[in-house]
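Colleague: sequence plus the predicted model coming up.
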Protein chains: 2
Amino acid sequence: MDSKHPAGRLPEPPNPIADDGDETHFCGTCAFSSACIAAGYNKPELAQLQCLVEHVGPFRAGEHIFRTGDPFRAIFAVRSGTVKTRMVDKEGREQVLGFYLPGEVIGLNAIYPEHFPCDAVALDTSFFCRFSFPAMSALASRIPAVQKHLFRLLSKELGSASLLAGDHSADERMAAFLMDLAGRYAARGFSATRFHLSMSRGDIANYLRLAAETVSRVLSRFRSQNLIRIEGRELELLNPDALRQLGQALLPD
Amino acid sequence: MDSKHPAGRLPEPPNPIADDGDETHFCGTCAFSSACIAAGYNKPELAQLQCLVEHVGPFRAGEHIFRTGDPFRAIFAVRSGTVKTRMVDKEGREQVLGFYLPGEVIGLNAIYPEHFPCDAVALDTSFFCRFSFPAMSALASRIPAVQKHLFRLLSKELGSASLLAGDHSADERMAAFLMDLAGRYAARGFSATRFHLSMSRGDIANYLRLAAETVSRVLSRFRSQNLIRIEGRELELLNPDALRQLGQALLPD
DNA sequence: CCGGCGGGTTGATCCGGATCAAGGCGGGCG
DNA sequence: CGCCCGCCTTGATCCGGATCAACCCGCCGG
């Protein structure tokens, strides 16, 4: 299940995606890019970066990257695929905390408790960069740019957590959700108007605190209003401006 | 309004609380305690700590500690009093993001955007320790314990932000809110069963995504069930176990 | 002294979205 | 092939909490 992986990056064992020739482009769009560049690309600290980062994967849909209660040792940057984080209370009810796209980082909320407070589950076949946190901290102490980068990552996640605060209508929440995804895809160099929803309607509903039926209805209504085109999980935003307008109370700025 | 304050701490100008003889006890319970201790109490880096931290206040109820859009230069630890943070959207609707008690830290969500993304408003007469963030970062680079402490603070706040995610009944949310406050007061050395609610019913309602009337009704019901005693804003928890039970779906563990 | 006002409580009514129910579609497997 | 199962959609009904409304209380200013 949790596939172990040789640490070095030189031979790069059977790994169809992590190695598909777009390495530099990926690193250029990853949330860690400036940290990696500061740490490794110029100076001869490259060697340390290599023992710091480890490529792991693949994880297939439904597999856990980490589980609630696992001891915290590393954070993960998504290289490809999609992840949901979720908490499960003792009655077995699930609460989806967030979705993470390529270039984004999971595990930051485990620093304080020193154990992961939630599960991370792959929604797609996914690959990751695994950053040993002790090594990362040590590096941050010596390279201010890395430290600054970590602070910013943490702070950024704080900001997005307060996005879904507030009581808003189902339409507002759905519109904001779609525009948020669009913005995040755009930030990583993907299309902002056509993308695949890796998560089920049920996951979206849970994340937005709605019923799955409501998600379905709202999407149908958006379609009938020509705001979107949607077939299964393939989505096209036909009127991003109108959607942004709808979700403005939830969106940054 | 935003009272300027001489930076040194030697003469300590008219400032009835920051200087009331309980300095060491306060610092012992503050969220920064280990950072301050690591930074200053042993080594002769005390001098740097002094230029790092500045006592500010008083702010009276309704005054702003910072405002949305202010450039980010410092974070603040509450010395005494209570603060709410809130966002106001362009239609003028307020969203309360959190309440901060003595010993807790505000402003962390401003690191990434480099401008405060929300207002901080005093609910009581309040005093603060103001920590220059550039100085703090520099110190963190040299003292790993300080860096670790900052990472933990950020990560902790991430965890509490996901507390109010999830859709739960008004009763669950209110019970969890009261037990959360109780736990935080206890962590700072105050009574966990009797305390003052510095915020209005409207602020509580807004924070919990309820109507003020609902908050009032739920509190009345809790009183009639002998879960609490409440007169105005003075609160006593008569049956903390039952309240914890009620709010368990929202509470850590 | 009075009047206004913000905050709090309580009752009556309404509505958005949850829940219940039924059926469609597609993919994996015996 | 045919069945089952997970996911999705759509319709009907129900309910928790929002909203509207009335009133109380304490405080402040004139």
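Modeller: Received the coordinates, thanks.
Colleague: what lies in contact with the helix or strand containing A:A205?
Modeller: Taking DSSP states H and E as the definition, A:A205 sits inside helix A:201-208. For helix A:201-208, contacts defined as C-beta atoms under 8 Å, 6 or more residues apart in numbering or on different chains pick out A:84, A:86, A:94-99, A:123, A:164, A:170, A:173-174, A:177, A:197, A:199, A:210-212, A:214-216, A:219. No exception for glycine: its C-beta is placed from N, CA and C like everyone else's.
Colleague: buried subset of those, written for PyMOL?
Modeller: Restricted to buried positions by 16 or more other C-beta atoms under 10 Å in any protein chain shown, the PyMOL selection for the contacts of helix A:201-208 reads:
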select buried, chain A and resi 84+86+95+96+97+98+99+123+164+170+173+174+177+197+199+210+214+215+219
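Colleague: out of the contacts of helix A:201-208, list just those in strands.
Modeller: Of those, the ones assigned to strands by DSSP state E are A:K84, A:R86, A:E94, A:Q95, A:V96, A:L97, A:G98, A:F99.
Colleague: right, and the second one touches A:R93 too?
Modeller: In this case it means A:R86. No - if you go by C-beta atoms under 8 Å, A:R86 and A:R93 don't touch, sitting 10.2 Å apart.
Colleague: flag the shaky bits of the stretch 1-150 of chain A, pLDDT-wise.
Modeller: Within the stretch 1-150 of chain A, the ranges that satisfy pLDDT under 70 run A:1-31, A:33-51.
Colleague: chain B contacts on that one?
Modeller: A:87, A:89-91, A:93, A:95, A:97, A:108-113, A:117-118, A:137-138, A:140-142, A:144, A:147-148, A:150 (C-beta under 8 Å from any C-beta of the partner chain).
Colleague: try it again at 6 Å.
Modeller: With C-beta under 6 Å from any C-beta of the partner chain as the criterion, the stretch 1-150 of chain A comes near chain B at residues A:D89, A:Q95, A:L97, A:N109, A:I111, A:Y112, A:P117, A:S141, A:P144.
Colleague: take these and lay them out in CSV including distance to DNA strand C and secondary structure.
Modeller: Below are these laid out as CSV (distance: C-beta to the nearest atom of the strand, whole Å; DSSP: H, G, I helix; E, B strand; the rest coil):
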residue, distance to DNA strand C, secondary structure
A:D89, 15, coil
A:Q95, 13, strand
A:L97, 17, strand
A:N109, 25, helix
A:I111, 32, coil
A:Y112, 31, coil
A:P117, 24, coil
A:S141, 46, helix
A:P144, 44, helix
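Colleague: starting at the chain centroid, how far to stretch A:172-190?
Modeller: Chain-centre distance of stretch A:172-190: 12 Å, with C-alpha atoms, centre = their mean, to the nearest Å.
Colleague: before we move on, the earlier item: most neighbours among the residues of the stretch 1-150 of chain A next to chain B, which one is it?
Modeller: A:N109 (28 neighbours; other C-beta atoms under 10 Å in any protein chain shown).
Colleague: isn't that residue right up against B:E157?
Modeller: No - counting by C-beta atoms under 6 Å, A:N109 sits too far from B:E157 to count as a contact (9.4 Å).
Colleague: quick one: A:L154 is in a helix?
Modeller: Yes - assessed by DSSP: H, G, I helix; E, B strand; the rest coil, A:L154 belongs to a helix.
Colleague: ends of stretch A:242-253, what's the gap?
Modeller: In stretch A:242-253, first residue to last residue: 16 Å (C-alpha to C-alpha, to the nearest Å).
Colleague: which residue ranges make up the domains of chain A?
Modeller: The record's domain parsing of chain A by automatic domain parsing lists A:23-161, A:170-246.
Colleague: and the last one, anywhere near DNA strand D?
Modeller: If I follow you right, that is domain A:170-246. Yes - residues of domain A:170-246 are located near DNA strand D by C-beta under 7 Å from any atom of the strand, namely A:200-202, A:212-213, A:215-217, A:219-220, A:230, A:232-233.
Colleague: quick one: is that domain near DNA strand C?
Modeller: Yes - Domain A:170-246 lies within reach of DNA strand C by C-beta under 7 Å from any atom of the strand, at A:A170, A:D171, A:R209, A:L210, A:A211, A:E213, A:T214.
Colleague: let me know the closest of these to DNA strand D.
Modeller: The closest of the residues of domain A:170-246 next to DNA strand C to DNA strand D turns out to be A:E213 (C-beta to the nearest atom of the strand; 3.9 Å).
Colleague: next, count neighbours for that closest one.
Modeller: 10.
Colleague: and for A:L150?
Modeller: For A:L150, the count of nearby residues is 26 (other C-beta under 10 Å).
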